[in-house]
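K.L.:
okay, predicted coordinates and the sequence, questions at the end:
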Amino acid sequence: MHAWPASEVPALPGKGRDLRIHDTATGGRVTLDPGPVARIYVCGITPYDATHMGHAATYNAFDLVQRVWLDTKRQVHYVQNVTDVDDPLLERAIRDGKDWVELAEGETALFREDMTALRLLPPKHYIGAVEAIPGIVPLVERLRDAGAAYELEGDVYFSVESDPHFGEVSHYDAAAMKALSAERGGDPERPGKKNPLDPMLWMAAREGEPSWDGASLGRGRPGWHIECVAIALDHLGMGFDVQGGGSDLIFPHHEMGASHAQALTGEYPFAKAYVHAGMVALGGEKMSKSKGNLVFVSKLRRDGVDPAAIRLTLLAHHYRADWEWTDQVLQDAVERLGRWRAAVSRPDGPSADALVEEVREALANDLDAPAALAAVDRWAERQDADGGTDEAAPGLVSRTVDALLGVAL
Ligand code: 5CA
Ligand code: ZN
């Protein structure tokens with residue numbers, strides 16, 4: 001699949017800083033030390049509805065990871081998937097009387113537009129589940145042949161017991177795992193499974209549903225976790241730097257993905273850090289397509305809201321926090337954007353050399369975007385109060401905000 005165009009990332013003077021980031025698996029902060037090419041996989045959308053603020057907040061967090069790396073002069077190898085065939089997508093297509101392929105293509109196109117408007121850097125490889133099927137089938141066959149997977153009435157399940165490290169991403173207890181598995185696409189109650197938590201790798205063709213040639217597996221379609229594993233292993237390999245997504249992907253998705261990959265390769269770990277963004281809520285509940293309590297990026301854009309203000313709203317919240325979308329948080333960002341734009345449109349100002357370092361340090365410190373915004377606020381306040389004589393300062397502030405926060409002033 002094609003991704004979306006990249007906005008240019010200006011180079012900043014001085015040296016970038018290495019990222020210290022919270023890793024779900026260890027429960028603590030790790031200092032990432034990627035080689036010259038940093039590798040990141042971020043789980044993509046299931047395209048049955050438009051991009052909402054929760055999606056945008058999560059992708060914004062992982063955009064910051066890349067900007068910190070780019071500032072250290074590393075290349076970034078970024079991979080993202082599109083879950084363009086899965087139960088919720090097929091169910092929505094039936095509900096709305098639409099063709100599932102058209103639904104997925106339409107929502108993916110809208111997602112690209114939203115990402116472009118928000119200036120989120122595109123993945124180098126943007127891969128759909130459907131196009132990944134030829135790579136998924138042999139992985140499932142290998143797991144089965146190695147005894148890490150088994151068949152149940154034509155479907156193929158992964159045996160969680162085949163990975164000695166199972167449980168080490170989420171550290172959830174058995175009861176929590178069972179509850180989350182039922183809630184998030186699993187089938188812990190299905191009789192005949194070796195372990196209720198075992199997730200499906202390959203679903204045998206169902207009447208009226210799309211299916212693909214699965215070689216020795218028979219016709220069917222892939223399970224959710226193996227989709228991301230196949231794409232990540234194909235384009236990044238084991239031991240890549242960051243596996244990213246929202247906190248609702250910790251279990252089962254990222255736990256199972258890690259176990260699939262570790263059972264397949266015998267290597268550990270799948271990713272060096274598992275990084276999770278908090279959940280954005282609306283009306284006190286997690287914003288979700290299934291509940292329908294949504295604020296869409298595309299709707300705000302149509303209403304004339306500047307995408308830079310949307311982005312500043314996201315940046316005003318720490319990526320790990322759960323937070324509530326309100327008209328007020330957007331209004332605050334609109335006002336901040338106005339203050340910043342006024343401050344950088346003057347011919348000179350107070351020196352911004354220290355600001356560059358403050359923003360760098362804030363982001364390297366577990367992506368503390370709110371601290372970065374506070375530093376820019378302070379510079380804008382000084383500009384407002386006393387001004388300054390540094391002719392390079394307004395331009396440097398613009399480039400810093402652009403390069404590290406993705407906001408064009
Ligand atoms: N296609 C799968 C991942 S392989 C999927 O979870 N798709 S999704 O469309 O449901 O979500 C896409 C990304 O947005 C995921 O990382 C998910 O964790 C994140 N996300 C979904 N809802 C919210 C929310 N309310 N707040 C923050 N992030 C969210
Ligand atoms: Zn995924």
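P.N.:
Thanks, I have the structure now. Residues are numbered from 1 along each chain as shown. Ligands and ions are numbered 1, 2, ... in the order given.

K.L.:
only C-alpha atoms from now on, for both contacts and neighbour counts.
P.N.:
Fine.

K.L.:
my read: Pro10 touches Asp402, true?
P.N.:
Yes: counting by Cα atoms under 8 Å, Pro10 does reach Asp402; the two are 7.1 Å apart.

K.L.:
and the two? Which one has more around it.
P.N.:
Applying other Cα atoms under 10 Å to Pro10 and Asp402 shows that Asp402 carries more neighbours, namely 20 against 15.

K.L.:
find the nearest non-adjacent residue to that one, please.
P.N.:
Sequence neighbours aside, Ala408 is the residue nearest to Asp402 in space, at 5.2 Å (criterion: Cα to Cα, 6 or more residues apart in numbering).

K.L.:
local confidence estimate at the one you found?
P.N.:
Ala408 carries a pLDDT score of 97 in this model.

K.L.:
quick one: it and Ser398 touch, right?
P.N.:
Yes: using Cα under 8 Å, Ala408 makes contact with Ser398 at a distance of 7.2 Å.

K.L.:
that older thread, next up, the contacts around the residue nearest to Asp402.
P.N.:
Applying Cα atoms under 8 Å, 6 or more residues apart in numbering to Ala408 gives the contacts Ala308, Ser398, Val401, Asp402.

K.L.:
which ones among these map onto helices?
P.N.:
Applying DSSP state H to these, the entries found in helices are Ala308, Ser398, Val401, Asp402.

K.L.:
so how far is Pro5 from the first one?
P.N.:
In other words, Ala308. Separation of Ala308 from Pro5 (Cα to Cα, to the nearest Å): 17 Å.

K.L.:
those two: which is more packed in?
P.N.:
Ala308 (19 against 16).

K.L.:
and the helix or strand bottoming out on mean pLDDT in the chain, is it in reach of ligand 1?
P.N.:
Lowest mean confidence among the helices and strands of the chain (mean pLDDT, DSSP states H and E): strand 285-286, at a mean of 92. Yes: Strand 285-286 lies within reach of ligand 1 by Cα under 6 Å from any ligand atom, at Lys286.

K.L.:
what's the first helix or strand after that strand?
P.N.:
helix 297-302 (DSSP states H and E).

K.L.:
so what touches that following helix?
P.N.:
Helix 297-302 is contacted by residues Ala50, Thr51, His52, Met53, Ala56, Leu110, Asp114, Pro307, Ile310 when judged by Cα under 8 Å, 6+ apart.

K.L.:
any buried residues in it, and which?
P.N.:
By neighbour count with 16 or more other Cα atoms under 10 Å, helix 297-302 contains the buried residues Val297, Ser298.

K.L.:
and what of stretch 245-261?
P.N.:
Of the residues in stretch 245-261, 245-247, 249-261 count as buried by neighbour count, 16+ other Cα under 10 Å.

K.L.:
ok, stretch 174-188 next?
P.N.:
Of all the residues in stretch 174-188, those buried under the rule 16+ other Cα under 10 Å are Met177, Lys178, Leu180, Ser181, Gly185, Gly186, Asp187, Pro188.

K.L.:
average pLDDT across stretch 91-104?
P.N.:
Average pLDDT, stretch 91-104: 96.

K.L.:
ends of that stretch, how far apart?
P.N.:
Using Cα to Cα, the end-to-end distance of stretch 91-104 comes to 12 Å.

K.L.:
now stretch 229-240
P.N.:
By Cα to Cα, the extent of stretch 229-240 from end to end equals 12 Å.

K.L.:
gap between stretch 146-159 and the chain center?
P.N.:
Centroid separation for stretch 146-159 versus its chain: 29 Å, with Cα atoms, centre = their mean, to the nearest Å.

K.L.:
before we move on, what about stretch 165-172?
P.N.:
Relative to its chain's centre, stretch 165-172 lies at 20 Å (Cα atoms, centre = their mean).

K.L.:
any buried residues in it, and which?
P.N.:
Under 16+ other Cα under 10 Å, the buried positions of stretch 165-172 are His165, Phe166, Gly167, Val169, Ser170, His171.

K.L.:
still on that earlier bit, ok, the contacts of Ala408 vs ligand 2, which is closest?
P.N.:
The shortest approach to ligand 2 among the contacts of Ala408 belongs to Ala308, at 27.2 Å (Cα to the ion).
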